[in-house]
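K.L.:
need coordinates for the below:
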Amino acid sequence: MSEHKFKGELEEFSYALGLSISSNLIQSGVKTIEPGNFMLALEDIYTGKEPKLSPDQANKILQEFMEKQQNGQGKENLEQGLQFLAENRAKEGVHETASGLQYTILEEGDGEKPGPADQVKCHYHGTLIDGTVFDSSVQRGEPATFPVNGVIQGWVEALQMMTTGSKWRLFVPSELAYGDRGAGGAIGPNCTLIFEVELLEIV
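P.N.:
Model prediction:
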């Protein structure tokens, strides 16, 4: 990290605020901007100048641009996911259900299988197909408890096939996960997801 001397608290605060806003934008899916015009808008607002766009114009531009970006990203994610699943289903040990869910059994338990109305306690580690981690109870060091029918469709299906004590790796097509909506910044539209799921107990 490079050293930089700020001239007073306001400069330091302003830079920290910029870092926070940038991080939040990236998390919400805004991967790139043109910094000059971003700064120009801030300057216009904070110096009382007449904005170069009306609020209605700005909202319309934001909505249309984000929709265009999302549609393009969704198509790319869908194509990459379909290719990944097509290659993955040919690998040894990979099973595929009628819905398109793929899984491998890492450890086989000997307990009961949960039903749709049951609550379960699980450890899980979720990644995109490129290995990016988006959620992990393992990294948090705390298993999660939730109703079987309260999670994504791929999990609902898999959990009811798993015996307590089992550990499976799930390859979840986008239509059995978050579909074209995505889920936050990390999980974009039409993303295929990979989970390692350990079914600890029915609670």
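
K.L.:
rest of the way, CA atoms for contacts and neighbours
P.N.:
Noted.

K.L.:
what residues does stretch 165-181 touch?
P.N.:
74, 78, 81-82, 85, 100-111, 152-154, 158, 188-201 (C-alpha atoms under 8 Å, 6 or more residues apart in numbering).

K.L.:
can you rerun that using 6 Å?
P.N.:
101-109, 152-154, 189-200 (C-alpha atoms under 6 Å, 6 or more residues apart in numbering).

K.L.:
now do that stretch: distance to the chain's middle.
P.N.:
Remark: stretch 165-181 is offset 12 Å from the chain centroid, using C-alpha atoms, centre = their mean, to the nearest Å.

K.L.:
avg pLDDT for that stretch?
P.N.:
For stretch 165-181, mean pLDDT rounds to 95.

K.L.:
the contacts of stretch 165-181, buried ones only, as a ChimeraX selection?
P.N.:
This is the ChimeraX syntax for the buried subset of these, where burial follows 16 or more other C-alpha atoms under 10 Å:
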select :101,102,103,104,105,109,153,154,189,190,191,192,193,194,195,196,197,198,199,200
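
K.L.:
so of the contacts of stretch 165-181, which ones are in strands?
P.N.:
102-107, 193-200 (DSSP state E).

K.L.:
name the nearest of those relative to residue 66.
P.N.:
Within the ones in strands among the contacts of stretch 165-181, distances to residue 66 taken as C-alpha to C-alpha reach their minimum at residue 193, with 22.7 Å.

K.L.:
tell me the bridge partners for that closest one.
P.N.:
Residue 193 forms beta bridges with residue 128, residue 172, as assigned by DSSP bridges.

K.L.:
can you pull the buried residues of stretch 142-155?
P.N.:
143, 147, 148, 149, 153, 154, 155.

K.L.:
and the first one, how far from residue 125?
P.N.:
It refers to residue 143. In this view, residue 143 and residue 125 are 10 Å apart by C-alpha to C-alpha, to the nearest Å.

K.L.:
please apply the same query to the fifth one.
P.N.:
In this structure, residue 153 lies at 17 Å from residue 125, with C-alpha to C-alpha as the measure.

K.L.:
so where do the helices sit in the chain?
P.N.:
Listed in chain order, the helices of the chain (DSSP state H) span residues 9-27, 35-47, 55-88, 137-140, 153-159.

K.L.:
noted, bye for now.
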